[in-house]
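Trainee: Sharing a sequence plus its predicted fold:
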Amino acid sequence: MTATLKQLKANEYSRILSVGAFRPSNLVPNDDLVEAIDSSDEWIRQRTGIITRMRADVETSVLDMAEGAAREALEKAGIEASQLGAVIVSTVTFPFATPSAAAALAGRLGASPAPAFDISAACAGYCYGVAQADSLVRSGMADYVLVVGVEKLSDFIDNTERSISFLLGDGAGAVVVGKSDFAGISPSVWGSDGTKWDTISMTHSMIDLRAIALEAESNPGEKAIAAEGTEKLWPTLRQDGPTVFRWAVWEMAKMAKKALEEAGITSADLAAFIPHQANMRIIDEMVKQLKIPETVVVARDIAESGNTSAASIPLAMHRVLKEHPELSGKLALQIGFGAGLVFGAQVVVLP
């Protein structure tokens, strides 16, 4: 007779209990960037809606920002780090391929021995993290899960590049997902389109840099040339702007509508719309496509924070709740989309 395995006691529902944020104090206005890209403040505002973006100083690391956001989220949730059943960090800018940022963060917070892992899903990474946290809580594998979106994109910017460099900022946002007596996170709509893998990408790989380093080791007299080559081959971000814009507006509007359907609601039931803060024109066009009522608060954190990739949705949520505390407990649609190309969306009850 086959033995019966013990099953976890599942939780029927989960919800976001709290949100925290870390915003670097260095605000970079458009005027500081326009000379390098031969542009103007007016052009950047018209094309993107960005007035300033936040960028961290050299001493502030990805982990520093993640820790700041996480500690606020834990405090607001009223729990200790030791109660976390998992730590999930979404980032594409942690400077180590291994070990993970999540493991280091868990150690800093005192969450060990909670399982900890990173997600590399760029601007959709936070929504991917929420999808996994929701599953972990509802399956009974964890009572509380910390999800952090954090980026230091300023480390991967070529200031003379015109397709994406002026968009990008730094920061971190974090949420605690926990068990609930009501449905606080809808079924997630998520996916990818790898046929457009190179639409948002980096100019070089770390293998290119390794080749330069090996050459320098074998030819000590060429160290200066090798150093110059390393600088030229440092990976920086690029994007095919028109392709990304069309994909984000048309295809992501479809995914957002699907997320509303999965939640069993319409846009009229929303109190807030919190999309990835990629570009103000994309946000405005999605509002039209989804027929978002004027009564719905639309997150526009991009104007002051820039595009912070995985951090953008929790940072925008944090600002929305700070400016509109009356929205706590009401419904918001969140959708992330970006390099991969990848996307993820859920309707959530705001903490």
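Mentor: Nice, I can see it.

Trainee: Run through the strands of the stretch 251-351 of the chain in chain order.
Mentor: For the stretch 251-351 of the chain, strands defined by DSSP state E, counting those that start in this stretch occupy the ranges 272-275, 297-298, 331-338, 342-349.

Trainee: TSV for these, including distance to residue 44 and mean pLDDT?
Mentor: Bear in mind the C-beta positions are built from the backbone N, C-alpha and C, glycine included. What follows is these, written out as TSV (distance: least, Cβ to Cβ, whole Å; pLDDT from 0 to 100):
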stretch	distance to residue 44	mean pLDDT
strand 272-275	20	98
strand 297-298	20	98
strand 331-338	20	96
strand 342-349	26	97
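
Trainee: So for residue 58, which of those sits nearest?
Mentor: Closest to residue 58 of the strands of the stretch 251-351 of the chain is strand 331-338 (Cβ to Cβ; 25.6 Å).

Trainee: Who are the packing partners of that closest one?
Mentor: With contacts taken as 3 or more Cβ pairs under 8 Å, 6 or more residues apart in numbering; DSSP states H and E, strand 331-338 sits against helix 125-139, helix 252-263, strand 272-275, helix 312-323, strand 342-349.

Trainee: pLDDT wise, what is residue 227 at?
Mentor: For residue 227, the pLDDT comes out at 52.

Trainee: And residue 235, by the same measure?
Mentor: The model's pLDDT for residue 235 equals 77.

Trainee: Please apply the same query to residue 221.
Mentor: In this model, residue 221 is scored at 56, pLDDT.

Trainee: now the one 10 residues further on
Mentor: The predicted local confidence for residue 231 comes out at a pLDDT of 58.

Trainee: Report the strands that pair with the helix or strand containing residue 151, each with its relative direction.
Mentor: Per DSSP states H and E: residue 151 is located in strand 144-152. Using DSSP bridges, the strands paired with strand 144-152 are strand 86-90 (parallel), strand 170-180 (antiparallel).

Trainee: okay, which residue is most central for the protein?
Mentor: What sits nearest the mean C-alpha location of the chain, by Cα atoms, centre = their mean, is residue 310, with 1.1 Å.

Trainee: returning to what we had before: mind putting the strands paired with strand 144-152 in TSV, mean pLDDT, distance to residue 97 and mean neighbour count included?
Mentor: Formatted as TSV, these follow (pLDDT from 0 to 100; distance: least, Cβ to Cβ, whole Å; neighbours: other Cβ atoms under 10 Å):
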stretch	mean pLDDT	distance to residue 97	mean neighbour count
strand 86-90	98	14	29
strand 170-180	98	20	29
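
Trainee: can you give me the angle the strand holding residue 151 makes with strand 331-338?
Mentor: Between strand 144-152 and strand 331-338, the angle comes out at 50 degrees (axes from the mean of the first three to the mean of the last three Cα atoms, to 10 degrees).

Trainee: Which parts of strand 144-152 count as buried, going by neighbours?
Mentor: Within strand 144-152, the residues that count as buried by 16 or more other Cβ atoms under 10 Å are 144, 145, 146, 147, 148, 149, 150, 151, 152.

Trainee: Then stretch 99-118?
Mentor: By neighbour count on 16+ other Cβ under 10 Å, the buried set for stretch 99-118 is 100-109, 111, 114-116, 118.

Trainee: all strands for the stretch 101-250 of the chain, in order.
Mentor: Listed in chain order, the strands of the stretch 101-250 of the chain (DSSP E, counting those that start in this stretch) span 116-119, 144-152, 170-180, 189-192, 200-202, 237-239.

Trainee: on contacts alone, who are the packing partners of the fourth one?
Mentor: Packed against strand 189-192 by the contact rule (3+ Cβ pairs under 8 Å, 6+ apart) you find helix 125-139, helix 252-263, strand 342-349.

Trainee: I'd like the ones you listed as a markdown table, with distance to residue 276 appended.
Mentor: Shown next, in a markdown table, are the helices and strands packed on strand 189-192 (distance: least, Cβ to Cβ, whole Å):
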| stretch | distance to residue 276 |
| --- | --- |
| helix 125-139 | 8 |
| helix 252-263 | 9 |
| strand 342-349 | 9 |
